[in-house]
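Novice: Sequence first, predicted model second:
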Amino acid sequence: MDHEVKKSEAEWREELGPERYAVLRGAATERAWTGELLDESRSGIYTCGACNAELFKSGTKFDSGCGWPSFYESVRPEAVELIEDRTLGTVRTEVRCANCGSHLGHVFDDGFGTPTGDRYCMNSIALNFKPVE
């Protein structure tokens, strides 16, 4: 996919710092239960930690018990790109920011009790939060 935001990996590395770079550009996963946004409960918008594109509304966040911030849908379908991920010996669906291509997490179809049945399991470090007053 052709992304609106284009930077060299050296530019991303310098801008993001080592921890964010590892997740957003290297598809690493932060440890469960450690992310700053896991327990965030204010109204607002979650944006990409690399380019600040809007990704999720606070009203779609729910406690899935998985240890990472979970949402049942993105702010709009075209805000994220979904890619088949066959790493770790299983088939999953990776979620990337459609604006810059950064790795955010994975989406699973086990969001029971949500309007969509989906659980967008996102790395807290891959997101920023903008409160709405």
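Specialist: Received it, and whenever you're ready, just let me know what you need. Residues are numbered from 1 along each chain as shown.
Novice: Can you get me a residue count around Phe62?
Specialist: 15 (other CB atoms under 10 Å). Quick note: C-beta positions are derived from backbone N, CA and C, even for glycine.
Novice: end-to-end on stretch 34-53?
Specialist: The straight-line separation of the ends of stretch 34-53 (CA to CA, to the nearest Å) is 23 Å.
Novice: so which strand or helix has Leu104?
Specialist: Element membership of Leu104, judged by DSSP states H and E, is strand 103-108.
Novice: just checking, what packs against the very next helix or strand once past that strand?
Specialist: With elements assigned by DSSP H and E, the helix or strand that comes after strand 103-108 is strand 119-122. The contact analysis (3 or more CB pairs under 8 Å, 6 or more residues apart in numbering; DSSP states H and E) places strand 119-122 against strand 70-71, strand 103-108.
Novice: Model confidence at the nearest residue to Asp63 once chain neighbours are set aside, what's the number?
Specialist: What sits nearest to Asp63 in space, not counting adjacent residues and going by CB to CB, 6 or more residues apart in numbering, is Ser70, at 7.3 Å. Note on Ser70: pLDDT of 98.
Novice: just the helices in the chain please.
Specialist: Taking DSSP state H, the helices of the chain run over residues 9-24.
Novice: Mean neighbour count, the helices and strands packed on strand 119-122: which tops it?
Specialist: strand 70-71 (a mean of 26; mean count of other CB atoms under 10 Å).
Novice: Paired strands for that one, with orientation please.
Specialist: If you go by DSSP bridges, strand 70-71 pairs up with strand 61-62 (antiparallel), strand 119-122 (antiparallel).
Novice: got the contact list for Val5?
Specialist: Counting by CB atoms under 8 Å, 6 or more residues apart in numbering, Val5 makes contact with 50-51, 53, 99-101.
Novice: ok, back up a step: including distance to Glu30, could the helices and strands packed on strand 119-122 go into CSV?
Specialist: Shown next, in CSV, are these (distance: least, CB to CB, whole Å):
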stretch, distance to Glu30
strand 70-71, 14
strand 103-108, 9
